[in-house]
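Chemist: Return atomic coordinates for the entry below.
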Amino acid sequence: MTVLLRDALLADHEAIVALNAAEVRHTSAMDRPRLGELAALAGRHRVAIVDGRVAAFLLAMLDHVAYANDNYAWFAARYERFVYVDRVVVGADWQGRRLGSLLYEDLFAWASAQAIPCVVCEFNLVPPNEPSRAFHARHGFAEVGRQWLGAKQVSMQLAVPG
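Modeler: Numbering: from 1, shown residues only. Take a look at the predicted model:
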């Protein structure tokens, strides 16, 4: 299997929205207009291409952008410089093939080259998202806080690139 990592293109948006919709129970809903808004704010928006298809994507925001998101705001209130992983999604047909790990390795290398001191994200504790917890633990993330958003509790995570 040959994997190509590259910046996401407008032509990828339909596939990205479809991947996100298939995994919406682990992330938040995103239609094409919302993806356009998020992509415009993103500091890093990458896709993994396998057999000519978008198989996975990562969308991340840098610090100090006008992103109205409670989790992003939590990190912005506590850290001066960071890159916030808004979502990383791997299509069901491609799970277990290290695509998420490749996207994270790519993000960590980029953050290190940009002298960004931390990569931050969150995952659900209530309802639990055990695959995300295990994935992030493998990539060196540690909990730095928790917060409730309505009926959902999230674990705020931080990792140091490099």
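
Chemist: next one: stretch 123-139 to chain centre, how far?
Modeler: Offset of stretch 123-139 from its chain centre (C-alpha atoms, centre = their mean, to the nearest Å): 13 Å.

Chemist: Grab the most central residue of the chain for me.
Modeler: The centre of the chain sits closest to R87, judged by C-alpha atoms, centre = their mean, with a distance of 2.8 Å.

Chemist: residue ranges with poor pLDDT in the protein?
Modeler: For the chain, applying pLDDT under 70 flags no range at all.

Chemist: ok, which stretches of it are helices?
Modeler: Using DSSP state H, the helices of the chain run over 13-22, 32-41, 70-76, 99-113, 130-138.

Chemist: Need the residues that contact stretch 133-150.
Modeler: For stretch 133-150, contacts defined as C-beta atoms under 8 Å, 6 or more residues apart in numbering pick out 70-71, 74, 78, 100-101, 104, 108, 119-121, 123, 125, 153-160. No exception for glycine: its C-beta is placed from N, CA and C like everyone else's.

Chemist: now with 10 Å?
Modeler: 70-71, 73-75, 78-79, 85, 88, 90, 100-101, 104-105, 107-108, 118-126, 129, 132, 153-161 (C-beta atoms under 10 Å, 6 or more residues apart in numbering).

Chemist: List only buried entries from those residues.
Modeler: Neighbour-count burial (16 or more other C-beta atoms under 10 Å) applied to those gives 71, 74-75, 85, 88, 90, 100, 104, 107-108, 118-125, 129, 132, 154-159, 161.

Chemist: picking up where we left off before, output the helices of the chain as CSV; include the columns distance to V144.
Modeler: Converted to CSV, the helices of the chain look like this (distance: least, C-beta to C-beta, whole Å):
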stretch, distance to V144
helix 13-22, 26
helix 32-41, 23
helix 70-76, 9
helix 99-113, 17
helix 130-138, 12
